[in-house]
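J.: from the sequence below, what's the structure:
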Amino acid sequence: MLECPERPRGSRQERLRIPEFDPKDKVHKRLAELSMQAHELAKTPAGSEPSAVSRKLSAVEAEVDVESAKLWNLSASDLAEIQRSLKELTG
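T.: Predicted structure coming up:
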């Protein structure tokens, strides 16, 4: 009979290795700033030059990727591989 592997213990935050927010950490602070920027851009009304908003949002998302890689100590090649895999999965 097959046994189910034991489920990971702890919170999702712990399992995903998401550190607690540290307001003294430059990467944490930058990610918070970028999050606020992205949310503001996402609220932009549809008639407001969508291509310009889309470009700005893409730039913010790219910076989030870079800062997130720093958070998890990923190399540039690790980040590129993750981005390639996501693009492959999403088409």
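J.: residues in contact with the longest helix along the chain: which ones?
T.: Using DSSP state H to define each element, the chain has its longest helix at helix 50-71. Helix 50-71 is contacted by residues 19, 27-28, 30-31, 34-35, 37-38, 41-42, 44, 74-76, 78-79, 83 when judged by CB atoms under 8 Å, 6 or more residues apart in numbering. To be clear about C-beta, it is placed using only N, CA and C from the backbone, and glycine gets the same treatment.
J.: filter the residues you listed down to the buried ones and hand me the ChimeraX line.
T.: Buried residues within the contacts of helix 50-71, by 16 or more other CB atoms under 10 Å, are selected in ChimeraX with:
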select :27,28,30,31,34,37,38,41,74,79
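J.: what's the angle from the helix or strand harbouring L31 to helix 50-71?
T.: Per DSSP states H and E: L31 is located in helix 26-42. Going by axes from the mean of the first three to the mean of the last three CA atoms, to 10 degrees, helix 26-42 is angled at 160 degrees with respect to helix 50-71.
J.: where does pLDDT dip in the protein?
T.: The chain contains residues with pLDDT under 70 at 1-10, 13, 46-48, 50.
J.: other SSEs contacting whichever helix or strand comes after the longest helix of the chain?
T.: As assigned by DSSP H and E, the chain's next helix or strand after helix 50-71 is helix 76-90. In terms of contacts (3 or more CB pairs under 8 Å, 6 or more residues apart in numbering; DSSP states H and E), helix 76-90 is packed against helix 50-71.
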